[in-house]
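J.: coordinates only, sequence not included:
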Ligand SMILES: Nc1ncnc2c1ncn2[C@@H]1O[C@H](COP(=O)(O)OP(=O)(O)OP(=O)(O)O)[C@@H](O)[C@H]1O
């Protein structure tokens, strides 16, 4: 899988947050978005995930450089600041929902119990999501990435609320994903300990209308 962003610009409210963002990621590559609070990291992730329409430009996924391209959103998992789980449903019900929503053919993902084991929390998927601690909830939010296969992982502060053992576990899961040819784009203030990453430093406010169509 290849992920290509070409001349992306995005607006929040009146303001352009960034312009002319371009990158090309090959299988196994990780791009770390850095920059101060409000600099546009979450905005860029949401544009790639298809949750925000870019003001200009495109972001696409393709199986090879020469293959036909499709919207990156179709190839992407998005783990935002929020966990996107219903607190009154059990962990298993939440993960079942995400599996059927993201990968209706149920072809390539892990079972619920396998995913729970992979995030270090076997045996508690019968509990309502809302009963769990903040760190446990974040681990199961990450398990969503494992129950349905998608080659691009978009991670917004994935390790917030985690203890050091979970930090290490997430790093290992991300590295395993990359070894299989997966791509990662992550916004983070704390180093994730990933090998050989690229960095995109976001600088924030790009002006009110400075020649975006030029
Ligand atoms: N719905 C919105 N309407 C208007 N402006 C918004 C909206 N959401 C975000 N913004 C603004 O867009 C800018 C970029 O926000 P974004 O969340 O992308 O930053 P970030 O780099 O992810 O920050 P942080 O490190 O704090 O998570 C900020 O100035 C923010 O105030």
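T.: It's in. Computed from a predicted model, the values in this text were never measured in an experiment.
J.: neighbours around residue 56, how many?
T.: Neighbours of residue 56 under the rule other Cβ atoms under 10 Å: 16. C-beta coordinates here come from the backbone N, C-alpha and C atoms, glycine included.
J.: show me the residues around the closest residue to it other than its chain neighbours that make contact.
T.: Distance criterion Cβ to Cβ, 6 or more residues apart in numbering; nearest residue to residue 56, sequence neighbours excluded, is residue 9 at 4.1 Å. Neighbouring residues of residue 9 by Cβ atoms under 8 Å, 6 or more residues apart in numbering: 16, 18-21, 54-57, 206, 212.
J.: list the buried residues in the helix or strand where residue 9 lies.
T.: Following DSSP states H and E, one finds residue 9 within strand 2-12. By neighbour count with 16 or more other Cβ atoms under 10 Å, strand 2-12 contains the buried residues 2-5, 8-11.
J.: who does the worst-scoring helix or strand of the chain on mean pLDDT pair up with?
T.: Taking mean pLDDT, DSSP states H and E as the measure, the helix or strand of the chain with the lowest value is strand 69-71, at a mean of 90. Strand 69-71 has the following strand partners under DSSP bridges: strand 56-62 (antiparallel).
J.: what's the partner strand in contact with?
T.: 1-9, 19, 21-22, 47-48, 68-72, 74-76, 151-152, 212-213.
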